[in-house]
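>>> sequence below, structure please.
(one chain, ligands or ions: 2)
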Amino acid sequence: MNMKKLGFGTMRLPRLDPDDPATIDLEQFKKMADMFMERGFCYYDTAYPYHQEHSEDAVKEAVVKRFPRDSFLLADKMPILRVTKTEDYRMYFDEQLRRCGVDYFDYYLLHNLGRDRYINTEKFGGFPFIEKLKKEGYVRNIGFSFHDDAQTLDRILTDHPEVDFVQLQINYLDWESIAIESGRCYETAKRHGKPVTVMEPVKGGALVKLPDAAIALFNDFYGSSGETYHTPASLAIRYAASLDNVQMVLSGMSSIDQLDNNTAVMKEFMPLSEAEKKLVADITQILNSTETIPCTSCRYCMEVCPKNINIPEYFGLFNMHAVTGNKSNMYYERFSMNHGKASECIKCGLCEKNCPQHIHIRENLEKFATLYEQEG
Ligand code: SF4
Ligand code: SF4
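Numbers count the residues shown, from 1 in each chain. Ligands and ions are numbered 1, 2, ... in the order given. Got it, this is the predicted structure:
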């Protein structure tokens, strides 16, 4: 099977109700899957908690039931956060096979490993479990997705040379980041001989809507190229795909337009030229001088928030203000309609334990509340 370097991430599928992640627009997803396959792509990535546990089922409806099993590759992830005893692994895995309607996964990962979660995963036997699945033929390649520092990654890969690959957050803004360590994690995986699947290449959309100064640079550079597929998003995806040890770049696509653009640019993939690398460095400099919250909208914080605060949407509004100077009280009203307001945070800190980006959520919610609730 061909392995073009673009995978369809299914954590941001189109929705019927924009405020409700559970309402996946299945008909739209089917059209997107058709276009994806027609253009020669085949890799889908899902996980247990995505879309409030509806992503796996949507993949079954839009992909598994509609295409021969050997025409696509499917990756799924064990929700290690929910595992509290060894037997849970089997229970979740069987449920995932059922939800997806398959009898094997091509890629299977322990989801969202980091220093603390590694301790529990070792305690309950997560790695022997996935290794056994591979021996039994239920999965073809085993790995883990990872959100922590390079030192922890080095330790896990030293302890577990049996894994086939790792999934890392890599994008040009996080490459040198002290909190994310994209670059150091990539080099660590490479040193251990493990191919990398990239998640968050556009940093949850932050590299799609660039500040005006960065857009001006971008337009100057590509203005006369005549290629319509040159967009900030495609630049970010090509940046990740240009790394030689990267086997796959996942993009969480939400619309036909995004899919059209991503597949157009990745069909005949061209690595970044030296001039494009310089453009990326210049854009990075501009972004680093803009004070934004590095939220990727993964929504893991919301799974544990006792006040049901709509954290990612509020941070999106905060970032929009930082980049453009514009506020939208109408959006705040809408986003907080069925959720806690930012000022209702009780500072329990549960969300921060779940945040892969290590964001000081409480502190930033306070800033947001000052901006939207006190300043009006
Ligand atoms: S600290 Fe605030 S936002 Fe975070 S989980 Fe607690 S109540 Fe929710
Ligand atoms: S604050 Fe952190 S956990 Fe919550 S959506 Fe953003 S990146 Fe994800």
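>>> can you count the residues close to T84?
9 (other CB atoms under 10 Å). For every residue, glycine as well, the C-beta is placed using N, CA and C.
>>> tell me the pLDDT at it?
On the pLDDT scale, T84 is placed at 95.
>>> roughly how far apart are it and K123?
Taking CB to CB, to the nearest Å as the measure, T84 falls 10 Å from K123.
>>> next one: I359
Taking CB to CB, one finds I359 at 27 Å from K123.
>>> assign Q167 to helix, strand or coil.
strand (DSSP: H, G, I helix; E, B strand; the rest coil).
>>> in the stretch 51-200 of the chain, what residue lies closest to ligand 1?
L81 (14.6 Å; CB to the nearest ligand atom).
>>> domain-wise, how is the chain divided?
6-288, 301-374 (automatic domain parsing).
>>> ok, the first one near ligand 2 or not?
No. Under the criterion of CB under 6 Å from any ligand atom, domain 6-288 makes no contact with ligand 2; the nearest approach is 7.0 Å.
>>> same question, the last one
Yes. Using CB under 6 Å from any ligand atom as the criterion, contacts between domain 301-374 and ligand 2 involve 301, 311-312, 354-355, 357, 359, 361.
>>> in strands only, show me those.
Members of the residues of domain 301-374 next to ligand 2 lying in strands (criterion: DSSP state E): none.
>>> can you redo these as TSV with pLDDT?
TSV is the format used below for the residues of domain 301-374 next to ligand 2 (pLDDT from 0 to 100):
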residue	pLDDT
C301	94
I311	95
P312	92
N354	90
C355	92
Q357	88
I359	93
I361	97
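>>> spatially, which two of the residues you listed are the most separated?
By the measure CB to CB, P312 and N354 form the most distant pair in those, at 12.1 Å.
>>> overlap in contacts, the two.
C301 (CB atoms under 8 Å, 6 or more residues apart in numbering).
>>> hmm, T23 is touching L13, no?
No. Using CB atoms under 8 Å, T23 is not in contact with L13; the gap is 9.9 Å.
>>> what about those two, which has more around it?
L13 (27 against 16).
>>> pretty sure the more buried one contacts A58?
Yes. Using CB under 8 Å, L13 is in contact with A58, at 6.3 Å.
>>> pLDDT weak spots in the chain?
Across the chain, the ranges flagged by pLDDT under 70 are 1-2, 224-227, 376.
>>> neighbours around F221, how many?
17.
>>> what residues are up against it?
275-276, 279.
>>> mind checking how far the helix or strand containing it is from the chain centre?
Assigned by DSSP states H and E, F221 belongs to helix 212-222. Counting by CA atoms, centre = their mean, to the nearest Å, helix 212-222 is centred 26 Å from the centre of its parent chain.
>>> so how far is the next helix-or-strand element following that helix off the chain centroid?
Per DSSP H and E, the first helix or strand lying C-terminal to helix 212-222 is helix 232-241. Mean-position distance between helix 232-241 and its chain equals 14 Å (CA atoms, centre = their mean).
>>> what's the answer for stretch 305-313, then?
Relative to its chain's centre, stretch 305-313 lies at 19 Å (CA atoms, centre = their mean).
>>> may I see the buried residues of it?
Counting neighbours by 16 or more other CB atoms under 10 Å, one finds that the buried residues in stretch 305-313 are 305, 309-313.
>>> also stretch 173-183?
By neighbour count with 16+ other CB under 10 Å, stretch 173-183 contains the buried residues 173-175, 177, 180-183.
>>> and it, end to end?
Terminal residues of stretch 173-183 are spaced 10 Å apart (CA to CA, to the nearest Å).
>>> how about the helices in the stretch 51-200 of the chain?
Assigned by DSSP state H, counting those that start in this stretch, the helices in the stretch 51-200 of the chain fall at 55-59, 87-100, 115-124, 126-136, 150-159, 182-191.
>>> of the ones you listed, flag the one that's most buried.
Most buried of these by mean neighbour count (mean count of other CB atoms under 10 Å) is helix 55-59; its value is a mean of 24.
>>> which residues does that one contact?
Against helix 55-59 from outside (CB under 8 Å, 6+ apart): 10-11, 13, 24, 26, 29, 44, 46-48, 50-51, 74, 76, 96, 99-100.
>>> got it, and stretch 341-351?
For stretch 341-351, contacts defined as CB under 8 Å, 6+ apart pick out 301-302, 304-307, 309, 311, 314, 336, 361-362, 365-366, 368-369, 372-373.
>>> that stretch near ligand 1 at all?
Yes. Stretch 341-351 reaches ligand 1 (CB under 6 Å from any ligand atom) through 345-351.
>>> narrow these to just the buried residues.
Neighbour counting over the residues of stretch 341-351 next to ligand 1 (16+ other CB under 10 Å) leaves 345, 351 as the buried ones.
>>> what would the residues of stretch 341-351 next to ligand 1 look like in TSV with secondary structure?
Listed next are these as TSV, based on three-state DSSP:
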residue	secondary structure
C345	coil
I346	coil
K347	coil
C348	coil
G349	coil
L350	helix
C351	helix
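>>> which one of the residues of stretch 341-351 next to ligand 1 is nearest G143?
C351 (26.7 Å).
>>> thanks a lot, see you next time.
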